[in-house]
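Chemist: task: produce atomic coordinates for the following.
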Amino acid sequence: MSRSAPVVPTVLLVLALAACSAGVHGTPGGPGVRDPYFPKAGNGGYDVTHYDLKLAYDTDEGHRPHLAGTATLTARATKDLSAFDLDFKGLDVEDVTVEGERARWNRAGQELTVRPRDDLDEDETFRVTVRYSGTPQTITDPDGSEEGWLRTTDGALALGEPTGSMAWFPGNHHPSDKASYDIAVSVPKGLQAVSNGELRGETSSKGRTTFSWHTAEPMASYVATVAVGHYDISRSTLGRNRLPVYVAVDPTEAKAGRKVLAKIPEIMGWEEYNFGPYPFSSTGAIVDRPQDAGYALETQNRPVFPGAPDTETLVHELAHQWYGDSVTPKTWRDMWLNEGFATYAEWLWDEDHGGDTARQTFDALYDHGEEDNPDLWAFPPAKPSSAAHISDTPVYMRGAMVLQKIRQTVGDDTFYDIIQGWAATHRHGNADTDDFTAYVEKKVPDKDFGPIWKDWLYGKGKPEHR
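Modeler: Sure, this is the predicted structure:
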C-alpha cells in the first residue's frame, strides 16, 4: 500500500519559500584579496571609504602598553553580503555593531568575521563599529623586520608596511583599498601623539590630552601611523600655497637632525619641479630615536625616521609621497613602483647637486661583477621571489635601473613627461606594473620597450647592457 504526498497550494509554497529566504540573499565577503605574497591581506565584498579611529594609549604598572580603541569604518558593499571580514590581529574585541545594531562576530587568526543582523545590499553604504582593548602586538615580517605597534623609549610607534596596521585597528588592510582618516589619540598629559594629515584639535582633561588628526586624501592603511612620546614640534609653511609643514623630533635627535630637516622646503620644491604638484595637503617628518625602529617609512604626509636622517633618505621618503602614497601599488608584487622610483629620486638629486649622474650611478652598479653584487641580480624587480624579498635590493636598485633605461631610450624631456604624467594620471589611486608599461608605451608609441620589460623588469640574472 502506498501513501500519496499531500498537495500544497502553489501560492502557499511560494510564500513559504520567500519567508525562508528573506534576509539571507547575500553571501560572505570572504577573507583576503588573493595578493600574490600576502593572500590573507584585505577582504572581499566591500570598499572602505573612511576610518574614524578613537584611541586611548596608556601603560600598566609593568610599563606594558595598553590600547583601547573604537574604530568606525564607513564602507560600500560591492556585492550582497551576509557577512564580511576585517583584518585584525591581537587585542580583545568587546563589541561590534553594524548600522548601530549589535552584530555577531568571531575570530580566527587575523580575521574578524562580522555577521550583521540584516544582509547588506550591493552598493549599500554602511558603518561598522568595533570596540577593542588590550596590549597591541609587534608583528615580525617575513623578512624579519618588526612592524605593528612598536614600544619606544618614551612611548610607542605604529608602523604598517606591509600588514602591521592590523595590530592597532581593524580594517581592510591591503594597499588596494584606500580611504580618508580621522585619528584621535588620547595620551597621558605630558606626552604627544603625532599622526597623518593635519592636527585639527588638542584638548586636555582629567590628566590626559587628546590629539585629533584628519587625513582628507585617500590613504592606504600601511602608511597610517601614530607616534606617541616627547617631541620638539616645529610648524611652518612653504611655497606660494603655504603648504603646512609639521615636524616632530625626539629631543635627543633635535641637534643632529636640525640641518637636514631644514632642507625640507628645498627638497619639496625640487621634487615638485621634477615630479609634478605635491599630492597632499601637508608635509613634514617624524624623527624618533635610532633604537625605536629599524627603518625609515614613507608614512603619508610625514615620513618616520629612526634617528636624524641624511639628505638622501629624506629625498627618498618624500619622493614616496608621489610614488607609493599617492600612486599606490595594486598588490605587493608591484613594490618596485614605490622603491624603484624613490631610489631613482636619490640618483636624480645627486645628479642635480654636484654628485654622480644617474648614468654614472647605473654604470657603477652594473660594472660590479655578479660575484661582487649577487643580491642585485637575485630576481627581477617586477617579480620578487617571495614575501620575504619584496624590500630587497633588486626592488630598489634594479627598479631604479629600469627607469634609467627608459630615460636613455626616450631622452630627458620625454622621460620627465612620463614620470610626471604617471603621478598625475594615477593620483590618489592604485596601479600595477602592467599599467606602467602600457602608460609608457602609449606616451612613446614609436619606441620599442620590449627588451627593457623582458630583460630588466622580468628577466632573471644580469641583463646585457648596451
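Chemist: what sits up against stretch 106-117?
Modeler: Applying CB atoms under 8 Å, 6 or more residues apart in numbering, the contact partners of stretch 106-117 are 28, 31, 40, 43, 81-89, 93, 96, 98-99, 101-105, 126, 128, 130, 163, 166, 170. Backbone N, C-alpha and C define where each C-beta goes, glycine included.
Chemist: out of those, which are buried?
Modeler: 28, 31, 40, 43, 81-89, 93, 96, 98, 103, 105, 126, 128, 130, 163, 166, 170 (16 or more other CB atoms under 10 Å).
Chemist: take those and keep only those in strands.
Modeler: Of the buried ones among the contacts of stretch 106-117, the ones assigned to strands by DSSP state E are 28, 81-87, 93, 96, 98, 105, 126, 128, 130.
Chemist: buried set for stretch 307-314?
Modeler: Gly307, Ala308, Pro309, Thr311, Glu312, Thr313, Leu314.
Chemist: oh sorry, the question was meant for stretch 60-69
Modeler: Pro65, Leu67, Ala68, Gly69.
Chemist: could you do stretch 427-445 as well?
Modeler: Result for stretch 427-445 [16+ other CB under 10 Å]: buried residues Asn430, Ala431, Asp432, Thr433, Asp435, Phe436, Thr437, Tyr439, Val440, Lys443, Val444.
Chemist: returning to that earlier point: can you tell me which of the buried residues of stretch 307-314 are in helices?
Modeler: Thr311, Glu312, Thr313, Leu314 (DSSP state H).
Chemist: quick one: which of those residues is nearest to Arg407?
Modeler: Glu312 (19.3 Å; CB to CB).
Chemist: spatially nearest residue to the closest one, not counting backbone neighbours?
Modeler: Setting aside the residues directly before and after it, Glu312 is nearest to Glu346 in space (CB to CB, 6 or more residues apart in numbering), at 4.9 Å.
Chemist: surely that neighbour is in contact with His316?
Modeler: Yes: the pair Glu346 / His316 is scored as a contact, 5.4 Å apart, by CB atoms under 8 Å.
Chemist: related to what we said a few turns ago, doesn't the residue nearest to Glu312 lie inside a helix?
Modeler: Yes: counting by DSSP: H, G, I helix; E, B strand; the rest coil, one finds Glu346 located in a helix.
Chemist: what about the stretch 201-350 of the chain, any weak spots by pLDDT?
Modeler: In the predicted model, the stretch 201-350 of the chain carries no residue with pLDDT under 70.
Chemist: for Gly459, grab phi and psi.
Modeler: Reported as degrees, to the nearest 10, the phi and psi values for Gly459 are phi -80, psi 150.
Chemist: let's see the helix or strand harbouring Thr361 as CSV, backbone CA atoms only.
Modeler: If you go by DSSP states H and E, Thr361 is part of helix 358-367. Extracted in CSV, the C-alpha atoms of helix 358-367 (Å, rounded to 0.1, in the frame of the first residue of the first chain):
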residue,chain,number,x,y,z
ALA,A,358,72.2,58.9,-12.8
ARG,A,359,74.1,57.3,-15.7
GLN,A,360,77.3,57.1,-13.6
THR,A,361,75.4,55.5,-10.7
PHE,A,362,73.8,53.0,-13.0
ASP,A,363,77.2,52.1,-14.6
ALA,A,364,78.8,51.7,-11.2
LEU,A,365,76.2,49.2,-10.1
TYR,A,366,76.2,47.4,-13.4
ASP,A,367,80.0,47.2,-13.6
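Chemist: in it, what counts as buried?
Modeler: Applying 16+ other CB under 10 Å to helix 358-367 flags Ala358, Thr361, Phe362, Leu365, Tyr366 as buried.
Chemist: name the residues linked to Trp149 by a beta bridge.
Modeler: Ala158 (DSSP bridges).
Chemist: likewise Leu238?
Modeler: Leu243.
Chemist: and it, how far is that from Ala262?
Modeler: Computed as CB to CB, to the nearest Å, the Leu238 to Ala262 distance reads 12 Å.
Chemist: comparing the two, which shows the higher neighbour count?
Modeler: More crowded of Leu238 and Ala262, by other CB atoms under 10 Å: Leu238, with 17 against 11.
Chemist: you'd agree that one is up against Lys263?
Modeler: No: with contact defined as CB under 8 Å, Leu238 does not count as touching Lys263 (11.4 Å).
Chemist: find the centremost residue of this protein, please.
Modeler: Tyr222 (3.0 Å; CA atoms, centre = their mean).
Chemist: enumerate every residue touching the residue nearest to that one when sequence neighbours are not counted.
Modeler: Nearest non-adjacent residue to Tyr222, counting by CB to CB, 6+ apart: Gly160, 4.1 Å away. By CB under 8 Å, 6+ apart, Gly160 lies in contact with Glu147, Gly148, His173, Ser221, Tyr222, Val223, Ala224, Thr225.
Chemist: of those residues, closest to Asp60?
Modeler: Out of the contacts of Gly160, the member with the shortest distance to Asp60 (by CB to CB) is Gly148, at 18.5 Å.
Chemist: what about the closest residue in space to that closest one that isn't next to it in sequence, neighbour count?
Modeler: Distances taken as CB to CB, 6+ apart put Ala167 closest to Gly148, at 3.3 Å, once the chain neighbours are dropped. Ala167: 25 surrounding residues under other CB under 10 Å.
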